[in-house]
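A.B. asks: Sequence first, then the predicted structure:
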Amino acid sequence: MVRMKQLLSLLLGLIGLTLSFNQCYDFSFYIDSGPATIADIYDYFSNKWLWSLNFFSSSSYWFYFLNFSQALASIFLILGKQRKISSIILWILVISFQNRNPFILYGGDAAFRLLLLSYIFILFDKKFGSFVFIFQLSMIYFFSALLKLTAPAWRNGVGFQNGLELTHLSTFLGELILSYPFLLKIGNYGTILLEISAPFILFYPLKYKKVRTIHCLVFISFHLMIFLFFKVGLFSLVMIFSWLGVLVQRNEIKNNSKSLAVYCLLILLINFQTILNTNFLKPINPIISVLRIDQHWGMFDNPIEEPDGVFLISLDNSELQSFELKNHRWTKLMMTIYKQFKSETMYEASIQRWLCQKYSNNFKLSSLRSLDLYFLNRKSMEKENVLSVYCP
């Protein structure tokens with residue numbers, strides 16, 4: 001019979017291996033010739049206590065070595081070999097790659113990082129560790145619901161619709177469902193109801209096996225819906241795999257460990273900070289940052305305030321053309337750049353160098369002199385000049 005520890009080892013290993021392949025494809029995000037140098041990360045996040053093995057070198061060889069190590073640790077987890085050391089190595093490397101470029105991260109990245117750490121607790125103490133894993137999983141949903149309830153859009157039944165109207169995050173099926181107001185209302189209030197009930201469902205007694213199975217399948221179906229309607233990277237996969245682990249749980253969870261109780265209390269307080277919009281844990285922020293247990297589950301909590309649009313580029317004052325966004329990471333990067341432009345916090349030098357290099361190489365324009373990056377806002381239909389770059 002497959003147990004929680006065994007299944008999570010397989011599933012978390014598969015996610016780690018998938019990330020390794022994706023990191024090869026998005027290679028430029030993790031080297032100094034990409035959009036963010038190591039110096040940029042140090043400068044921009046100077047008060048965040050970020051660390052990363054990637055900071056030791058900007059060499060492509062070092063990147064491939066770390067990425068291969070992540071893939072190897074993931075394969076060991078998939079095969080169930082040396083789970084403790086493999087999961088710790090994978091956790092260290094996942095944090096390293098995430099800290100190397102925080103500008104491209106989604107909620108799924110944070111969920112994977114935190115649930116992987118919780119899984120390490122399971123390996124050292126199955127019953128107590130299972131409590132931590134389920135507690136962390138429940139916090140993701142519960143505080144996501146509370147953050148949604150702070151937004152008028154979700155309370156008024158249009159938050160789900162507003163999320164689907166963000167064209168850079170909505171899939172083809174997501175756009176289709178916008179034509180059905182009744183389904184949008186169900187999606188809105190159904191999402192809040194499911195998320196806020198998650199802690200009660202996750203800690204439901206194991207003796208009611210059929211009820212727990214139904215609950216797990218409902219949440220798996222919920223995340224399949226998110227996958228079909230929204231472009232949110234690996235978030236749906238991480239959460240579905242976590243629920244599969246819960247589905248095969250066999251032992252009642254308990255927490256008689258004082259250290260794990262303190263850890264769970266800390267996770268609870270970190271999340272309460274996001275609701276209260278304060279930082280009462282400031283004295284221990286270095287510990288929170290080093291362990292990367294920081295978290296904010298405001299996924300689509302106030303989509304009406306999120307920018308939405310397309311990026312356009314002009315080379316040497318030529319006609320505007322669409323800026324290619326290969327995947328969700330590129331979308332996240334460009335939307336981050338736009339937000340930094342609006343808040344006047346953009347690290348322009350590296351972005352300008354990267355854009356010049358990118359278009360010189362892609363279009364074989366050895367004499368490229370300038371380029372202009374624009375954002376066409378879908379809501380206002382206004383075109384804003386985000387960057388004007390003179391290429392060396």
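C.D. replies: That came through, no problem. Residues are numbered from 1 along each chain as shown.
A.B. asks: in the stretch 201-350 of the chain, which spans are strands?
C.D. replies: For the stretch 201-350 of the chain, the strands defined by DSSP state E, counting those that start in this stretch cover 309-315, 321-322.
A.B. asks: for this structure, which spans come out with low pLDDT?
C.D. replies: Across the chain, residues meeting the criterion (pLDDT under 70) sit at 1-2, 206, 250-257, 362-366.
A.B. asks: In contact with the most centrally placed residue in it, which residues?
C.D. replies: Centroid check for the chain by C-alpha atoms, centre = their mean gives Y106 as the closest residue, at 2.3 Å. When contacts are counted by C-beta atoms under 8 Å, 6 or more residues apart in numbering, Y106 touches V232, G233, L234, F235, H328, K332. For the C-beta atoms, the positions are set from N, CA and C on the backbone; glycine is no exception.
A.B. asks: Try it again at 7 Å.
C.D. replies: By C-beta atoms under 7 Å, 6 or more residues apart in numbering, the residues touching Y106 are V232, G233, F235, H328, K332.
A.B. asks: how near is it to F300?
C.D. replies: Going from Y106 to F300 by C-beta to C-beta, to the nearest Å gives 12 Å.
A.B. asks: Same question for N99.
C.D. replies: For N99, the distance to F300 - C-beta to C-beta - is 25 Å.
A.B. asks: before we move on, what about W62?
C.D. replies: Per C-beta to C-beta, W62 is found 36 Å from F300.
A.B. asks: pretty sure I337 is touching M346, no?
C.D. replies: Yes. Applying C-beta atoms under 7 Å, one finds I337 in contact with M346, separated by 6.5 Å.
A.B. asks: ok, the two, which is more surrounded?
C.D. replies: Set I337 next to M346 and count neighbours by other C-beta atoms under 10 Å: I337 wins out with 22 against 19.
A.B. asks: List the contacts of that one.
C.D. replies: For I337, the contacting residues are M346, I351, V386, by C-beta under 7 Å, 6+ apart.
A.B. asks: Would you mind checking which of those residues is nearest to S58?
C.D. replies: S58 has its nearest neighbour among those in I351, at 16.6 Å by C-beta to C-beta.
A.B. asks: Spell out the secondary structure type for that closest one.
C.D. replies: Taking DSSP: H, G, I helix; E, B strand; the rest coil as the rule, one finds I351 in the helix state.
A.B. asks: contacting residues for it?
C.D. replies: By C-beta under 7 Å, 6+ apart, the contact list for I351 reads P35, I337, L387.
A.B. asks: Check which helix or strand the nearest residue to the first one once chain neighbours are set aside maps to.
C.D. replies: I take that to be P35. Closest residue to P35 apart from its sequence neighbours, by C-beta to C-beta, 6 or more residues apart in numbering: W354 at 4.5 Å. Using DSSP states H and E, the element containing W354 is helix 348-362.
A.B. asks: For the stretch 101-250 of the chain, just list every one of the helices.
C.D. replies: 107-124, 126-149, 152-155, 159-164, 172-177, 181-202, 209-229, 235-247 (DSSP state H, counting those that start in this stretch).
A.B. asks: need the ones you listed in CSV with mean neighbour count and distance to F56, can you?
C.D. replies: Shown next, in CSV, are those (neighbours: other C-beta atoms under 10 Å; distance: least, C-beta to C-beta, whole Å):
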stretch, mean neighbour count, distance to F56
helix 107-124, 21, 20
helix 126-149, 22, 30
helix 152-155, 18, 44
helix 159-164, 23, 39
helix 172-177, 14, 41
helix 181-202, 17, 39
helix 209-229, 16, 36
helix 235-247, 22, 28
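A.B. asks: Can I get those helices in a markdown table including distance to N317?
C.D. replies: What follows is the helices of the stretch 101-250 of the chain, written out as a markdown table (distance: least, C-beta to C-beta, whole Å):
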| stretch | distance to N317 |
| --- | --- |
| helix 107-124 | 38 |
| helix 126-149 | 44 |
| helix 152-155 | 41 |
| helix 159-164 | 37 |
| helix 172-177 | 34 |
| helix 181-202 | 43 |
| helix 209-229 | 40 |
| helix 235-247 | 40 |
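A.B. asks: Relative to A261, which of the ones you listed is closest?
C.D. replies: When the helices of the stretch 101-250 of the chain are compared (using C-beta to C-beta), the closest one is helix 126-149, at 9.0 Å.
A.B. asks: Domain ranges for the chain, per the record?
C.D. replies: Using automatic domain parsing, the domains assigned to the chain come out as 4-291, 308-390.
A.B. asks: hmm, back to that, and N99 and F300? which has more neighbours close in?
C.D. replies: Legend: neighbour count by other C-beta under 10 Å for N99 and F300, higher for F300 (24 against 21).
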